[in-house]
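A.B. asks: Sequence plus the predicted model coming up.
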Amino acid sequence: MITASQPVGEARHPRPKRRLTSASSKPNLSDEQPILERVASGDQAAVGDFLSRYGDLVWSLARRYLGNHMEAEDAVQEIFIEIWNNAGRYDRNVASEVAFISTITRRRLIDRLRQFNRRPGMESIDEQVGASQPAVPTTLDDDAEVAQVERVLSDMDPKHREILSMSLYEGYSHSEIAETLEMPLGTVKTRVRRGLMHVREQLKLAEELDNPAEGTTG
Amino acid sequence: MTDSSATNERLAELLAEEAAMGPGRHESSEIEELMSTNTEMARDEFMRVASLVQVGFLLGDQRGVERMPDELRAKLEQQAQDFFAQGAAAGNDSARDDAGSVRDIQSARRAREATATSKSRWLNAGMTGWYLAAALALAFFVVRGGPEPGSPAAPAEQRATLMAQADAIVAPWTASAAAEGYEDVTGDVVWSDERQAGYMRLSGLVANEPATTQYQLWIVDPDRDVRPVDGGVFDVPAGTREVIIPIDSKLEVNGPAAFAITLEKPGGVVVSDGPLLVVAPVAG
């Protein structure tokens, strides 16, 4: 039996108060060596560290985007092989590890959803009941860029945020969003586009404020 | 509005759409054309922002970040170990750098999508008045729910490894309109032309009685022949929730348009009257 997962809406996104961190969108420039660099150098122990830090993130993104346990398992295996393949390309001066990993993840999830041509956010009752794992604590919002994005999202008009969530987080197509929310397709497209552009501008602004001398390069 | 700002706005619009929905064929060409005159925007910029937004929504989701199943983590660790062992055996990093980059995988996929359009037309026509003929002797194999003794890895692991091939395609099974009772069948076919290997994953396919019937796989490759290639016979044991079956095509297959399963007499047939039970059309 197939049933829709819980609807997306305000109930899903009450923004908890988070401690303020630096609004920098600057990539990881700390002295600590990024795990990906250790992975790329062939440090076997780094794989375990990497899975501990980012495994739950990739798994959760796949689960929420594809809405299906089995497909999420396949997708996650593909994603990690792609990460291992590309670990050597990671440059800490260009992007944070979270940005690097989540971009690979996003591309793969989009590919997979398109291949399967299925409606996201649908899963069987037994999957919803039996397959969900308990939530785990995460330190991912220590990442300055992620924290900044969370702030921008929390300040966004709830209606616009809902559309952005359905599109980017839950994998609904523009037409599916338009149908679900009974809204013109053009409006959905415009709001997704504007939402993305708004987040992008805010990230750039934060970077400029944090590094006025460096402008927007690098 | 100047030409330049109009171009920038259009480019931003296209990149934002790409980040939300993935690259469309027509939009991709337009993006490439616009980017040739715009050096301010990076192709990946919106995708990176969309990815961070995705993470932001996850962290704000009341359900929280979900713990990865232990079995999956164990698989990933094993796959990583195999992956790096292969890289070490190759003695350099070039295999890692070049074999499966995001760009390589996506360009391979685009190439497949471009060729699959014409094939899907063939498939639609071919499915009407289905007539199957095997082009070579049948390949026989029986799945008994686990790897053969001494085999290097279980089918599930081999399948996952194959999926990492840059040219790997994944085609989901769909029930055929020609047969009833197969609507709940799910799973997919993974196939790599380069490796000439593939795996079927099937859930919900009713167990057959091997003494009287066997399932048979057919591979539709219109570039090779109007007749589909026999992909072998297989059994689904009773009580099995999911089976993963290696494909053992005896003919070279390149750019398959679809995979299909019929139920036949034991050992399979050379010519099938069908009906098709489930079909996995390759996306295009």
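C.D. replies: Received the coordinates, thanks.

A.B. asks: Work out for me the element B:Ala6 sits within.
C.D. replies: With elements delineated by DSSP states H and E, B:Ala6 resides in helix B:3-21, which encompasses its position.

A.B. asks: could you say what helices and strands that helix packs with?
C.D. replies: helix A:185-210, helix B:25-35, helix B:45-60 (3 or more C-beta pairs under 8 Å, 6 or more residues apart in numbering or on different chains; DSSP states H and E). No exception for glycine: its C-beta is placed from N, CA and C like everyone else's.

A.B. asks: same question for it, mean pLDDT?
C.D. replies: Taken as a whole, helix B:3-21 has an average pLDDT of 82.

A.B. asks: Show me how far that helix is from its chain's centre.
C.D. replies: Averaging C-alpha positions (C-alpha atoms, centre = their mean, to the nearest Å) puts helix B:3-21 30 Å from its chain's average.

A.B. asks: which residues are contacting that helix?
C.D. replies: Where contact means C-beta atoms under 8 Å, 6 or more residues apart in numbering or on different chains, the residues beyond helix B:3-21 that reach it are A:106, A:110, A:167-168, A:173-174, A:189, A:192-193, A:196-197, B:1, B:24, B:27-28, B:30-31, B:34-35, B:37-38, B:40-41, B:43, B:45-47, B:49-50.

A.B. asks: Check the helices and strands packed on helix B:3-21 for me and report the most buried one.
C.D. replies: helix B:45-60 (a mean of 26; mean count of other C-beta atoms under 10 Å in any protein chain shown).

A.B. asks: Now that one: average pLDDT?
C.D. replies: Average pLDDT, helix B:45-60: 93.

A.B. asks: before we move on, what about stretch B:67-80?
C.D. replies: The predicted model gives stretch B:67-80 an average pLDDT of 91.

A.B. asks: can you give me the offset of it from its chain's centre?
C.D. replies: Going by C-alpha atoms, centre = their mean, where stretch B:67-80 is centred and where its chain is centred differ by 21 Å.

A.B. asks: now stretch B:46-57
C.D. replies: 26 Å.

A.B. asks: can I get the CA coordinates of that stretch in PDB?
C.D. replies: Output of stretch B:46-57 as PDB, limited to C-alpha atoms (Å, rounded to 0.1, in the frame of the first residue of the first chain):
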ATOM      1  CA  PHE B  46      23.500  27.400  -8.100                       C
ATOM      2  CA  MET B  47      23.800  23.700  -7.700                       C
ATOM      3  CA  ARG B  48      26.100  24.300  -4.700                       C
ATOM      4  CA  VAL B  49      23.600  26.800  -3.200                       C
ATOM      5  CA  ALA B  50      20.700  24.300  -3.800                       C
ATOM      6  CA  SER B  51      22.700  21.600  -2.100                       C
ATOM      7  CA  LEU B  52      23.300  23.800   0.900                       C
ATOM      8  CA  VAL B  53      19.600  24.700   1.000                       C
ATOM      9  CA  GLN B  54      18.800  21.000   1.000                       C
ATOM     10  CA  VAL B  55      21.100  20.500   4.000                       C
ATOM     11  CA  GLY B  56      19.600  23.500   5.700                       C
ATOM     12  CA  PHE B  57      16.100  22.100   5.300                       C
END
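
A.B. asks: Is it in proximity to chain A?
C.D. replies: Yes - applying C-beta under 8 Å from any C-beta of the partner chain, one finds stretch B:46-57 in contact with chain A at B:46-57.

A.B. asks: For B:Val278, state which of the residues you listed is nearest.
C.D. replies: B:Gln54 (32.6 Å; C-beta to C-beta).

A.B. asks: The residue most central in space within chain A: what's it in contact with?
C.D. replies: Nearest to the mean C-alpha position of chain A, by C-alpha atoms, centre = their mean, lies A:Ser102 at 5.5 Å. Residues counted as contacts of A:Ser102 (C-beta under 8 Å, 6+ apart) are A:57, A:61, B:51-52, B:54-55.

A.B. asks: what does B:Trp191 give?
C.D. replies: Shown here is B:Trp191, whose contacts under the criterion C-beta under 8 Å, 6+ apart are B:168-169, B:171, B:197-198, B:247, B:253, B:256, B:259.

A.B. asks: quick one on the thing from earlier: and the helix holding B:Ala6, what's buried?
C.D. replies: For helix B:3-21, the buried set under the neighbour-count rule, 16 or more other C-beta atoms under 10 Å in any protein chain shown, comprises B:8, B:11-21.

A.B. asks: of the contacts of A:Ser102, closest to A:Thr139?
C.D. replies: Closest approach between the contacts of A:Ser102 and A:Thr139, by C-beta to C-beta: A:Leu57, at 10.4 Å.

A.B. asks: Counting neighbours, what do you get for the residue in the stretch 1-150 of chain B that chain A sits nearest to?
C.D. replies: Nearest residue of the stretch 1-150 of chain B to chain A, counting by C-beta to the nearest C-beta: B:Gly64, 2.8 Å away. One way to gauge burial is a neighbour count; for B:Gly64, by other C-beta atoms under 10 Å in any protein chain shown, it gives 17.

A.B. asks: Next one: it from A:Leu153, what distance?
C.D. replies: Computed with C-beta to C-beta, to the nearest Å, the distance linking B:Gly64 and A:Leu153 is 16 Å.

A.B. asks: Over to A:His174?
C.D. replies: Here the distance between A:His174 and A:Leu153 works out to 19 Å (C-beta to C-beta).

A.B. asks: Among those two, which residue is more densely surrounded?
C.D. replies: Per other C-beta under 10 Å, whichever of A:His174 and A:Leu153 has more neighbours is A:Leu153, with 24 against 21.

A.B. asks: Now that the more buried one has come up, it's in contact with B:Val55, right?
C.D. replies: No - counting by C-beta atoms under 8 Å, A:Leu153 sits too far from B:Val55 to count as a contact (10.4 Å).

A.B. asks: returning to that earlier point: tell me which of the helices and strands packed on helix B:3-21 approaches B:Arg227 most closely.
C.D. replies: B:Arg227 lies closest, by C-beta to C-beta, to one member of these: helix B:25-35, at 30.4 Å.

A.B. asks: how big is the angle separating that closest one from helix B:3-21?
C.D. replies: Relative orientation of helix B:25-35 and helix B:3-21, computed by axes from the mean of the first three to the mean of the last three C-alpha atoms, to 10 degrees: 140 degrees.

A.B. asks: helices or strands next to helix B:25-35 in the packing?
C.D. replies: The elements that helix B:25-35 packs onto, with contact taken as 3+ C-beta pairs under 8 Å, 6+ apart, are helix B:3-21, helix B:102-127.

A.B. asks: and if we set it to 6 Å?
C.D. replies: helix B:3-21 (3 or more C-beta pairs under 6 Å, 6 or more residues apart in numbering or on different chains; DSSP states H and E).

A.B. asks: mind listing the strands for chain B?
C.D. replies: For chain B, strands defined by DSSP state E occupy the ranges B:65-66, B:132-133, B:169-172, B:174-175, B:186-192, B:197-203, B:214-220, B:229-234, B:242-247, B:258-264, B:271-272, B:278-281.

A.B. asks: where among the ones you listed is the average confidence lowest?
C.D. replies: Of all the strands of chain B, strand B:132-133 carries the lowest average pLDDT, namely a mean of 41.

A.B. asks: Quick check: which ranges of chain A have low pLDDT?
C.D. replies: Low-confidence regions of chain A, defined here as pLDDT under 70, cover residues A:1-32, A:115-137, A:141, A:212-218.

A.B. asks: in it, which spans are helices?
C.D. replies: Taking DSSP state H as the criterion, chain A contains helices spanning A:35-40, A:44-66, A:69-86, A:97-116, A:125-126, A:144-155, A:158-164, A:174-181, A:185-210.

A.B. asks: and of these, who's closest to B:Val190?
C.D. replies: Ranking the helices of chain A by their distance to B:Val190 (criterion: C-beta to C-beta) puts helix A:69-86 first, at 8.9 Å.
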